[in-house]
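>>> Sequence plus predicted model, see below.
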Amino acid sequence: MIFLQAANSPMTSNLVFLLAIMLVMYFFFMRPQMKRQKEQMSFESAIKKGDTVVTSSGIIGKVSKVEGAITHIQVDQKTFIKVLSSAINKEMSEKYNTAGASTDKDA
């Protein structure tokens with residue numbers, strides 16, 4: 001009888017509610033963020049010469065050389081910049097390559 005009373009206590013229902021909230025937060029916030037980070041890391045490692053990329057700050061250019069964590073980007077005919085590979089944004093690059101590349105003939 002005492003065990004049944006303990007199972008129906010407000011403390012148990014609060015604990016179940018807290019666990020349910022943590023589960024929802026994991027599946028709606030943490031898991032998708034970890035998936036995005038994993039995709040970004042694989043995108044960074046797959047960057048190669050000739051790819052058109054967009055940095056996090058919005059600079060558009062063509063990859064001319066990849067040296068480990070540093071990527072050389074050609075932004076004009078004789079203008080090259082060095083950026084960290086982590087500064088190249090996967091989502092912006094994909095969006096530009098699907099939509100923007102058809103309107104921009106210079107890059």
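Nice, thanks for sending it over. Residues are numbered from 1 along each chain as shown.
>>> need the helices for the protein, in chain order.
2-7, 10-25, 31-46, 90-95 (DSSP state H).
>>> Next, count neighbours for Gly58.
Other residues within reach of Gly58, judged by other Cβ atoms under 10 Å, total 9. Heads up, the C-betas are built off the backbone N, CA and C, glycines and all.
>>> What of the one 4 residues further on?
Neighbouring residues of Lys62 were enumerated by other Cβ under 10 Å; the total is 15.
>>> Could you pull up the residues touching it?
Contacts of Lys62 were listed using Cβ atoms under 8 Å, 6 or more residues apart in numbering, and they are Gly50, Asp51, Thr52, Val53, Ile73, Gln74, Ala107.
>>> Which ones among these lie within strands?
Mapping the contacts of Lys62 onto strands (DSSP state E) picks out Thr52, Val53, Ile73, Gln74.
>>> gap between the two ends of stretch 51-69?
16 Å (Cα to Cα, to the nearest Å).
>>> in stretch 56-64, what's buried?
Of the residues in stretch 56-64, those buried under the neighbour-count criterion (16 or more other Cβ atoms under 10 Å) are Ile60, Gly61, Val63.
>>> Then stretch 75-90?
For stretch 75-90, by 16+ other Cβ under 10 Å, it's Val83, Ser85, Ile88, Asn89, Lys90.
>>> measure it end to end?
End to end - Cα to Cα - stretch 75-90 spans 18 Å.
>>> Centre of the chain to it, how far?
Its chain's C-alpha centre and that of stretch 75-90 lie 18 Å apart, by Cα atoms, centre = their mean, to the nearest Å.
>>> so what's Ala87 up against?
Ala87 touches Thr55, Ser56, Ser57, counting by Cβ under 8 Å, 6+ apart.
>>> hmm, 10 Å instead?
Glu44, Val53, Thr55, Ser56, Ser57, Ile59, Ile70, Thr71, Ile73 (Cβ atoms under 10 Å, 6 or more residues apart in numbering).
>>> And the closest residue to Val63 other than its chain neighbours, what's its pLDDT?
Leaving aside its chain neighbours, Val63 sits nearest to Asp51 (4.7 Å; criterion: Cβ to Cβ, 6 or more residues apart in numbering). As predicted, Asp51 sits at a pLDDT of 92.
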